[in-house]
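Engineer: Got a sequence here, can you build the structure:
(2 chains)
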Amino acid sequence: MARFAKYLGGAALLAGAAFAWSTAASAETIKIGASLAVTGPASFLGDPEAKTLEMYVAKINEAGGVNGKQLELVVYDDSADANKARTFATRLVEDDEVVAVVGGSTTGTTMAMIPVFEDAGIPFISLAGAVVIIDPVKEFTFKTPHTDKMACEKIFADLKARGLAKVGLISGTGGFGKSMREQCVSVVGDYGIEIVADETYGPGDSDMTPQLTNIKNAAGLQAVVNPGFGQGPAIVTRNYKQLGIDVPLYQSHGVASKSFIELAGDAAEGVRLPASALLVADKLPDSDPQKSVVADYKAAYEEATGQPVSTFGGHAYDGLMILVEAMKRAGSEDPKAIRGEIEKTTGFMGTAGVVNMSADDHLGLDLTAFRMLEIKGGDWALAE
Amino acid sequence: MDKARGGKQHGEPMPELLQFCVSGLTVGAVYALVALGFTIIYNASDVVNFAQGEFVMIGGMTTVFVAAAGVPLPLAALVAIAVAMGIGLLLHRLAIEPARGASAVTLIIITIGASIFLRGLAQVVFDKQFHSLPSFSGDTPIAFGGAAILPQSFWVLGGAAVIVVLLWAFFNRTLLGKAVLATAANRLAARLVGINTSFVVGLSFVLSAAIGAVAGILVTPITLTSYDVGTLLALKGFAAAMLGGMGNPLGAVVGGLTVGLLEAFGAGYISSTYKDAIAFIVILAVLFVMPGGLFGKASVERV
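Structural biologist: Next comes the predicted model:
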């Protein structure tokens, strides 16, 4: 009886939604799915993503749900394993019968899941980085994070503005570094910049001084770019200082977390990187249209988890909100109707920037979404 | 920062060579210590202990977390070495000793299981992030003949040298060390003359764990550490031990330094993309010509 009373109380609060409660139980909730790398090597992505989704689904439900119905979130932990992700994708479609999916923390797991959702006609908003997810455009697949190509373009635009034209690359050979290196090489010509050194390092490498010595000796070197994530860029940054290389160093959005500054220590001073506005939420001017979104998300995440905010959780926030807005506009839980509305997303202000999707752009972000940051006094600062 | 750097002088091979040597020797010294750990346990028990890399991880991670709890760094390092020795002893008592008499392959597989278990445990007890330690003597590089050398590199190289000397003294100058050598030479005969061989094998695990932990502590300020750094170190250390000749302590040291130098020279002079491949091709070539490794002869006679 107590339980019944609780339901009654809840229903009373949901004034407008009260009618929905009289319909059949199965139609009471809208099921959305997620397969994330909550544990394993990419847990720094999946963990904040899962926490963000759970937190905001609870918030949305408290506020009355979507279209008068409660959201039900089904999260699986694929630990960044593409095989597991594919199995969970099938389970989400066939057993859980979700109407939409947010997530796929890594490009590998996302690419493994895409065929399942495309076949089933379930809208899928990926939280992974690489441009291959949405290029070429797939009918039901979308993504929220900036692409590595945009990171390259942002860096090269900054280099051009500073009048630096000869750049050395030192890239990780992991998926992220490899993909970003290729994108950088493909767009570098558009900015009149020349690559004078091109070195790599392995994912587990602990010393990059030989590669950096070669870069240092490249004729006319004016700046160095380091596509990569994990501990590699921190070691590159330390070795960079050790060798006394005195040209600007650019890191990628892959190291946009406080732990990079901690690991690289003093060597991180003056390093620039393109990243989401989320990292500098409290430093944005009040006139910045993105300020309220990122400041609210940062405050909510840090209060709920007690951990510093990361851009990765922000991508999950963007994905969930784009989905919820689309469901509200569609006014139904039909996956095809939701897909159509996601594609029509315009002017959505997320943690990553303004999203304007279209039939041939399933990401919808432009270069203004990235901020160029510089590390000053052990903290992020806006470089522009 | 923004000044253009045209006309950089080119073609001074010496500073490069020196920089590559320092890089290779520093990394190689860690491989050498891991290879030494392999060697000690292999000699005493015929087991190739693939959990050797985990001792390095435990050394680094425990120091980081104990130091973060407010304990002074030298004390934290001692705690970490003690923890690693304890885990080495438990590994022997709980996993290796009960399987006594099983084939060497079975025991090796047990150590692989132990390695996976320790990595999983470290994820739970510590965390999944990378961590660093402050350098023992600051971060200001020392300029030497055009190369920039971190003070911590001297700690790593010096620490490795001290360990090698201490081990040599232990094996050649103490009764206990000679008991280990006797067990290595012939376990049955050693038991017949009254040596507690089970104790000796346990001791070899504790000793290896301590060496691994010291390596982990010395190298963390340079290479950073996380719960899974042990896997790669075990692989490289094993390659170094094979290159030097499994079971030969001198071979382990030479093998470790060689693998480190091969990687640095491969990355510096040939191609950074294929640097690991270059190191392993050279190792394969050596083993092809000398199947017992560089110092293989000695290992057949087992000291």
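Engineer: Now do the strands in chain B.
Structural biologist: B:142-144, B:147-149 (DSSP state E).
Engineer: does the last one come close to chain A?
Structural biologist: Okay, so that is strand B:147-149. Yes - between strand B:147-149 and chain A, judged by C-beta under 8 Å from any C-beta of the partner chain, the touching residues are B:Ala148. C-beta coordinates here come from the backbone N, C-alpha and C atoms, glycine included.
Engineer: tell me what that strand is packed against?
Structural biologist: Judged by 3 or more C-beta pairs under 8 Å, 6 or more residues apart in numbering or on different chains; DSSP states H and E, the packing partners of strand B:147-149 are helix B:13-45, strand B:142-144.
Engineer: out of the ones you listed, deepest packed?
Structural biologist: Comparing those by mean neighbour count (mean count of other C-beta atoms under 10 Å in any protein chain shown), helix B:13-45 comes out on top with a mean of 25.
Engineer: How many neighbouring residues does the nearest residue to A:Leu164 once chain neighbours are set aside have?
Structural biologist: Among residues not flanking A:Leu164 along the chain, A:Gln222 sits closest, at 4.1 Å (C-beta to C-beta, 6 or more residues apart in numbering or on different chains). Residues near A:Gln222, counting by other C-beta atoms under 10 Å in any protein chain shown, number 23.
Engineer: three-state assignment of A:Leu221?
Structural biologist: coil (DSSP: H, G, I helix; E, B strand; the rest coil).
Engineer: quick one: contacts for the closest residue to it other than its chain neighbours?
Structural biologist: Distances taken as C-beta to C-beta, 6+ apart put A:Gly168 closest to A:Leu221, at 5.4 Å, once the chain neighbours are dropped. For A:Gly168, the contact set (C-beta atoms under 8 Å, 6 or more residues apart in numbering or on different chains) comprises A:Ile195, A:Val196, A:Ala197, A:Asp198, A:Glu199, A:Ile215, A:Ala218, A:Leu221, A:Ala223, A:Val224, A:Val225.
Engineer: what about the fifth one, distance to chain B?
Structural biologist: With the distance defined as C-beta to the nearest C-beta, to the nearest Å, A:Glu199 ends up 5 Å from chain B.
Engineer: Share the number of residues neighbouring that residue, please.
Structural biologist: Neighbour count of A:Glu199, defined by other C-beta under 10 Å: 24.
Engineer: could you say what helices and strands the helix or strand hosting it packs with?
Structural biologist: For A:Glu199, the element it lies in under DSSP states H and E is strand A:194-201. In terms of contacts (3+ C-beta pairs under 8 Å, 6+ apart), strand A:194-201 is packed against strand A:166-172, helix A:175-187, helix A:209-216.
Engineer: Just the CA coordinates for it, please, in PDB.
Structural biologist: Listed next in PDB are the C-alpha coordinates belonging to strand A:194-201 (Å, rounded to 0.1, in the frame of the first residue of the first chain):
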ATOM      1  CA  GLU A 194      54.400  22.500 -44.100                       C
ATOM      2  CA  ILE A 195      55.100  19.400 -42.100                       C
ATOM      3  CA  VAL A 196      58.900  19.300 -41.600                       C
ATOM      4  CA  ALA A 197      59.100  16.200 -39.300                       C
ATOM      5  CA  ASP A 198      56.700  13.300 -38.900                       C
ATOM      6  CA  GLU A 199      57.400  10.900 -36.000                       C
ATOM      7  CA  THR A 200      55.300   8.400 -34.000                       C
ATOM      8  CA  TYR A 201      55.400   6.500 -30.700                       C
END
